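**Student:** With the sequence up front, the predicted model follows.
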Amino acid sequence: MRYHRIISIGAHSLDAELMGGPLMIRYAQQGAHCTFCHVTQGRLERPDAAEEEKAAYLEQIRLENQKAARAMLCDVKACGYLSSQLPPVSEFAGIIKEYLQDEKADLVITHARGTLHPRHYYVYEAVTSAVRQLQSEGMKIRLLYGENCEDLAGFAPTRYVPLTEEQKRIWFEGLEQYAIFNGKVNDMPYKEYYNAMGKVRAVEIDSEGFVKAYMDAPYLDTEI
């Protein structure tokens, strides 16, 4: 299958890159237009943070978004919502549907259903609804759920994507543009997890090297 317009939609910065990065790097190298879409903008969690600190943090995230996308041969879109001010799921599904339609997207990657994070589930619901509506209207668009360390309940890979050493290097160099990935925000061992993940997925398919897993979303097949 050859895709030309790919969009990875994540609830927060880094999510879209963790889920969609490997596949998007592969297709970007083949000339596809690939975009990381971040639904929420993030914020400082400290209640005593001054407005100047909050503004500086948002600028840091914006720059990290851009640097990560550029490193992975992609571009970036920020929806700019605060987590506490997201519109109803049905309304956001309509917004995403219009965006995907305008962009003529033929592949979308987002969160899987079995997540421990409410914003991830919100994005899963909205994106899945939007893509299903577009498919029912005849648009040729595919939806995949990307592997994410917070979305693993019921995640059953149906597609395995092997990465070359160059593609793996590009992916990790992009991820490393984020302070959070480098352990400077919390103690989640992102590097260790995703390095191990690629090796485990390779073992599952009796392959050497590094492999990224995806799960196909169910969709209405009108061509049977």
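**Tutor:** Yep, that arrived.
**Student:** contacting residues around the lengthiest helix in the chain?
**Tutor:** Longest helix in the chain by number of residues (criterion: DSSP state H): helix 51-71. For helix 51-71, contacts defined as CB atoms under 8 Å, 6 or more residues apart in numbering pick out 13-14, 17, 35-36, 38, 41-44, 49, 75-76, 78, 170, 173-175, 177-179. Yep, even glycine has a C-beta here, placed from its N, CA and C like the rest.
**Student:** Drop anything exposed from the residues you listed.
**Tutor:** 13-14, 17, 35-36, 38, 41-42, 76, 78, 170, 174-175, 177-178 (16 or more other CB atoms under 10 Å).
**Student:** can you give me the strands for this protein?
**Tutor:** 5-10, 33-40, 75-81, 107-110, 142-146, 159-163, 210-216 (DSSP state E).
**Student:** What strands flank the first one, and is each parallel or antiparallel?
**Tutor:** Strand 5-10 sits in its sheet next to strand 33-40 (parallel), strand 107-110 (parallel), going by DSSP bridges.
**Student:** Which stretches in this protein count as helices?
**Tutor:** 15-29, 51-71, 89-103, 118-136, 165-175, 190-204.
**Student:** So for Glu208, which of the strands paired with strand 5-10 sits nearest?
**Tutor:** Proximity to Glu208, assessed across the strands paired with strand 5-10 by CB to CB, is greatest for strand 107-110 (24.9 Å).
**Student:** Can you give the distance of that closest one from its chain's centre?
**Tutor:** Here the centre of strand 107-110 is set off from its chain's centre by 8 Å, with CA atoms, centre = their mean, to the nearest Å.
**Student:** returning to that earlier point: mean neighbour count, the strands paired with strand 5-10: which tops it?
**Tutor:** By mean neighbour count, with neighbours taken as mean count of other CB atoms under 10 Å, strand 107-110 ranks first of the strands paired with strand 5-10 at a mean of 27.
**Student:** Show me how far stretch 155-171 is from its chain's centre.
**Tutor:** The answer for stretch 155-171 is 14 Å, by CA atoms, centre = their mean.
**Student:** Numbering from 28 from now on, please.
**Tutor:** Understood, numbering begins at 28; the last thing we discussed is stretch 182-198.
**Student:** how long is that stretch from one end to the other?
**Tutor:** Stretch 182-198 has its terminal residues 22 Å apart, counting by CA to CA, to the nearest Å.
**Student:** buried residues in that stretch?
**Tutor:** By 16+ other CB under 10 Å, the buried positions in stretch 182-198 come out as 182, 184, 188-190, 194-195, 197-198.
**Student:** Dump those to TSV, plus distance to Gly173.
**Tutor:** Listed next are those as TSV, based on distance: CB to CB, whole Å:
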residue	distance to Gly173
Phe182	9
Pro184	10
Val188	10
Pro189	16
Leu190	14
Gln194	15
Lys195	16
Ile197	17
Trp198	12
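**Student:** For those residues, which two are the farthest from each other?
**Tutor:** Spatial extent of the buried residues of stretch 182-198 (CB to CB) is set by the pair Phe182 and Ile197 at 24.1 Å.
**Student:** list the contacts for Tyr205?
**Tutor:** Contacts of Tyr205 by CB under 8 Å, 6+ apart are 40-41, 44, 91, 95.
**Student:** Thanks a lot, catch you later.
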